[in-house]
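Q: Next come a sequence and a model predicted from it.
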Amino acid sequence: QQQVKQSPQSLIVQKGGISIINCAYENTAFDYFPWYQQFPGKGPALLIAIRPDVSEKKEGRFTISFNKSAKQFSLHIMDSQPGDSATYFCAASMTGANNLFFGTGTRLTVIP
Amino acid sequence: NAGVTQTPKFRILKIGQSMTLQCTQDMNHNYMYWYRQDPGMGLKLIYYSVGAGITDKGEVPNGYNVSRSTTEDFPLRLELAAPSQTSVYFCASSYRSGSSYEQYFGPGTRLTVT
């Protein structure tokens, strides 16, 4: 049973375009929603994270939008660059838990 | 500061063989984790540890064992390798667990069981 559902599985975007990756969850106890970025042959690395008390968090070209009532959150990459080409994972966790529940990943390709 | 290191990078095992995947972190983190990553499935937690001498099962622990004798090391043992254990294995560590504590990942070990 996938605790966090992620879409799309793959995404191709032109350089300068906006990349959007969506995630949904069911467990309302989740209170921490990070996004991890993984380059080929490397381990995932934290990109940006949000807690449900805010609806949006922005760091540079990366923005998380959070919709608590819909139990959905998304990653927006503005002005996408070829260097952003990687696999992106959303995840969720809850206070007191020892587990991060990961989505299935989105492979992003940014075409020059 | 090396962060989280894993050895080996690649390994091919025959069915029924055993091996240990090594993981070391130099950040003095109490929490350490083992995940497996399968294509299209994301990362699944195998085992985790909250400190030296304390380990517990994650989502997919069957076929694996762990030990944590020091803060730095958290090896993962496969006793009787099966094709279903073909995967990429990631070790991670964090200062604390749960919400808002970043997990730092190693570079991974790609294991093939044939």
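A: It's in.
Q: and the residue of chain A found nearest chain B, how many neighbours does it have?
A: The minimum distance from chain A to chain B, using CB to the nearest CB, falls at A:Gly43 (3.2 Å). Placement of C-beta: from N, CA and C, glycine included. By the criterion of other CB atoms under 10 Å in any protein chain shown, A:Gly43 has 23 neighbours.
Q: Over to B:Tyr31?
A: 20.
Q: show me what contacts A:Ala24?
A: A:4-5, A:70-72 (CB atoms under 8 Å, 6 or more residues apart in numbering or on different chains).
Q: Name the residues of whichever strand or helix holds it that come out as buried.
A: Assigning secondary structure by DSSP states H and E places A:Ala24 in strand A:19-25. If you call a residue buried by 16 or more other CB atoms under 10 Å in any protein chain shown, then strand A:19-25 has these buried ones: A:19, A:21-25.
Q: mind listing what it pairs with, with the direction of each?
A: Strand A:19-25 has the following strand partners under DSSP bridges: strand A:4-7 (antiparallel), strand A:72-77 (antiparallel).
Q: So which of these is nearest A:Ala91?
A: For A:Ala91, the closest of these is strand A:4-7, at 6.5 Å, according to CB to CB.
Q: Would you mind putting the CA coordinates of that closest one into CSV?
A: Output in CSV follows, covering the C-alpha atoms of strand A:4-7 (Å, rounded to 0.1, in the frame of the first residue of the first chain):
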residue,chain,number,x,y,z
VAL,A,4,2.2,8.7,-0.8
LYS,A,5,1.1,8.7,-4.4
GLN,A,6,3.2,10.6,-6.9
SER,A,7,2.6,11.6,-10.5
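Q: Average pLDDT for it, rounded please.
A: Average pLDDT, strand A:4-7: 96.
Q: List of residues touching the helix or strand just after it?
A: Next in sequence after strand A:4-7, counting helices and strands by DSSP H and E, comes strand A:10-14. Here strand A:10-14 makes contact (CB under 8 Å, 6+ apart) with A:19, A:21, A:80, A:106-111.
Q: and of those residues, the nearest to B:Ser18?
A: Closest to B:Ser18, out of all of those and judged by CB to CB, is A:Arg107, at 33.3 Å.
Q: Mind telling me what element that closest one is part of?
A: Assigned by DSSP H and E, A:Arg107 falls in strand A:106-111.
Q: and that strand with strand A:72-77, angle?
A: In terms of direction (axes from the mean of the first three to the mean of the last three CA atoms, to 10 degrees), strand A:106-111 departs from strand A:72-77 by 20 degrees.
Q: What is the burial count for the residue nearest to B:Gly16 when sequence neighbours are not counted?
A: Nearest non-adjacent residue to B:Gly16, counting by CB to CB, 6 or more residues apart in numbering or on different chains: B:Leu80, 5.5 Å away. Residues lying near B:Leu80 (other CB under 10 Å) number 10.
Q: quick one: B:Leu80 is in a strand?
A: No: assessed with DSSP: H, G, I helix; E, B strand; the rest coil, B:Leu80 is coil; it does not lie in a strand.
Q: and it, how far is that from chain A?
A: Separation of B:Leu80 from chain A (CB to the nearest CB, to the nearest Å): 26 Å.
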